[in-house]
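Peer 1: 3D model of this:
(one chain, ligands or ions: 1)
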Amino acid sequence: MRVLVGGGTGFIGRALVESLKRKGHEVTIISRNQAPGTITWNEISKSPLPECEAVVNLAGENIMNPLKRWNDGFLQELRNSRLETTSTLARKIADAKIPPKVFVSSSAVSYYPPSDTVEYTEDSPPSSEDILSNLCIDWENSAKLPQGCDTRLVTIRIGVVLGRSGGMIQQSIWPFWLGLGGRIGSGTQYFPWLHIDDMTGMLVHALENDHVTGAMNGVAPEVVTNARFTKEYAGALWRPAILPTPAFVINCVFGPVRGKILLEPGQKVIPKRTLELGYKYQYPQLKSALADIVK
Ligand code: NDP
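Peer 2: You can find the predicted model right below:
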């Protein structure tokens, strides 16, 4: 299968490209930058979609980038980097002479508003009152294909992806290794997580199986809190985790809006449709996922 991967240079994208190539698929990355085996977003927007059987979009400015201050400009960058890339691909797919069989688009578990009581499945509604939930609603809408377009659309609502080469583990492994890691705030907030191999596994499952369509929660079946995650993470590294990170430190580093993502109740997300659609997890349990990641 020929697969176009937007954001194929990122943490999840690199792992997906490697996994697709291992399975014998042909991959072209879409990036802002020119490189061999890559086409740019600029080129995509100016010409018809290159012939392919599948399209995936994983592009997006990193929300938790501590080097960027939260302000209107950054929020706009978060929105543009997701909505414009996704809507460009949706438009090109709709206009293609021979459209691809499948379009897999990403979203995030922040589609669901934070709550310490509600259990969310793919059927749960979002909340237009929450800034990140709103972003996800618009992100998912930007992937919509016109009626009559035969391309299958799959949207993966991704949780915190755990892997050595990027994301929150890469950002936190040194403090944890030095025994400086700790729960965030109260630690009671839900922590919807997923091993990077299951992230790529889920994407490949969506690409290769014609019955897969609609929303899938990109989280593991085992639900944990931040405190439980912290304990298991430090335990996997044989380190203590006794120093909680207070709320004011989080708010200082990330600002109050992003601080809320880490300090609010989080989302208790169940991968109901993901399981019904036949995805078999390699790491359904946190302990074995972390053992693999830190080994
Ligand atoms: P990365 O932060 O690694 O970035 C992915 C790619 O997005 C980058 O390689 C870059 O590609 C492109 N990109 C970055 N900033 C911009 C920008 N301002 N405009 C256009 N493109 C940009 O992301 P991940 O691989 O971690 O995540 C992939 C997707 O999944 C993202 O949309 C993310 O929001 C979502 N997600 C990820 C989670 C995680 O835990 N990792 C959790 C929930 C959702 P290039 O430089 O080649 O253009």
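
Peer 1: in which helix or strand would I find Asp292?
Peer 2: helix 286-294 (DSSP states H and E).

Peer 1: export that helix as CSV, just CAs?
Peer 2: Output of helix 286-294 as CSV, limited to C-alpha atoms (Å, rounded to 0.1, in the frame of the first residue of the first chain):
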residue,chain,number,x,y,z
LEU,A,286,0.8,-0.1,32.5
LYS,A,287,3.3,-2.2,34.4
SER,A,288,4.4,-4.2,31.3
ALA,A,289,4.3,-1.2,29.1
LEU,A,290,6.7,0.8,31.4
ALA,A,291,8.9,-2.2,31.8
ASP,A,292,9.3,-2.4,28.1
ILE,A,293,9.9,1.3,27.7
VAL,A,294,12.6,1.7,30.4
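
Peer 1: please begin residue numbering at 33 from this point
Peer 2: Taking 33 as the first residue, the last one we looked at is helix 318-326.

Peer 1: for the closest residue to Asn241 other than its chain neighbours, helix, strand, or coil?
Peer 2: Nearest non-adjacent residue to Asn241, counting by C-beta to C-beta, 6 or more residues apart in numbering: Gly310, 7.1 Å away. The way it works is simple: take the backbone N, C-alpha and C, and place the C-beta from them, glycine included. Under DSSP: H, G, I helix; E, B strand; the rest coil, the three-state class of Gly310 is coil.

Peer 1: how many residues are close by Gly310?
Peer 2: Residues near Gly310, counting by other C-beta atoms under 10 Å, number 10.

Peer 1: and what of Ser147?
Peer 2: Based on other C-beta under 10 Å, the number of other residues close to Ser147 is 16.

Peer 1: residues of stretch 75-92 that come out buried?
Peer 2: 76, 81-82, 84-92 (16 or more other C-beta atoms under 10 Å).

Peer 1: helices of the stretch 83-232 of the chain, residue ranges please.
Peer 2: 104-127, 163-174, 199-209, 228-240 (DSSP state H, counting those that start in this stretch).

Peer 1: and the ones you listed: which comes nearest Ser139?
Peer 2: Among these, helix 163-174 comes nearest to Ser139, with 4.9 Å by C-beta to C-beta.

Peer 1: which positions in the stretch 133-282 of the chain make contact with the ligand?
Peer 2: 138, 140, 190, 192-193, 198-199 (C-beta under 6 Å from any ligand atom).

Peer 1: returning to what we had before: surely the residue nearest to Asn241 meets Ala238?
Peer 2: No: using C-beta atoms under 8 Å, Gly310 is not in contact with Ala238, being 10.7 Å away.

Peer 1: where do the contact lists of those two overlap?
Peer 2: Val244 (C-beta atoms under 8 Å, 6 or more residues apart in numbering).

Peer 1: contacting residues for the residue lying closest to Pro276 once chain neighbours are set aside?
Peer 2: Using C-beta to C-beta, 6+ apart and skipping the chain neighbours, the partner closest in space to Pro276 is Gly214 (4.4 Å). Shown in contact with Gly214 (C-beta under 8 Å, 6+ apart): 262, 273-277.

Peer 1: can I assume Lys55 is in contact with His237?
Peer 2: No: using C-beta under 8 Å as the test, Lys55 is too far from His237 to be in contact (11.7 Å).

Peer 1: and these two? Which one has more around it.
Peer 2: Between Lys55 and His237, counted using other C-beta under 10 Å, His237 has the larger neighbour count: 19 against 11.

Peer 1: which residue packs closest to the more buried one, ignoring adjacent ones?
Peer 2: The shortest distance from His237 to any non-neighbouring residue, by C-beta to C-beta, 6+ apart, is to Tyr311 (4.9 Å).

Peer 1: so what's the backbone phi/psi at that neighbour?
Peer 2: With angles defined as degrees, to the nearest 10, Tyr311 sits at phi -70, psi 130.

Peer 1: distance check, it against Thr232.
Peer 2: Per C-beta to C-beta, to the nearest Å, Tyr311 is found 12 Å from Thr232.

Peer 1: equivalent analysis for Ala67, please.
Peer 2: Distance from Ala67 to Thr232, by C-beta to C-beta: 21 Å.

Peer 1: who has more neighbours, those two?
Peer 2: Neighbour tally, Ala67 and Thr232, criterion other C-beta under 10 Å: the higher count belongs to Thr232, 23 against 10.

Peer 1: wait, the more buried one sits on Phe43?
Peer 2: No: Thr232 is beyond contact range of Phe43, at 10.8 Å (criterion: C-beta under 8 Å).
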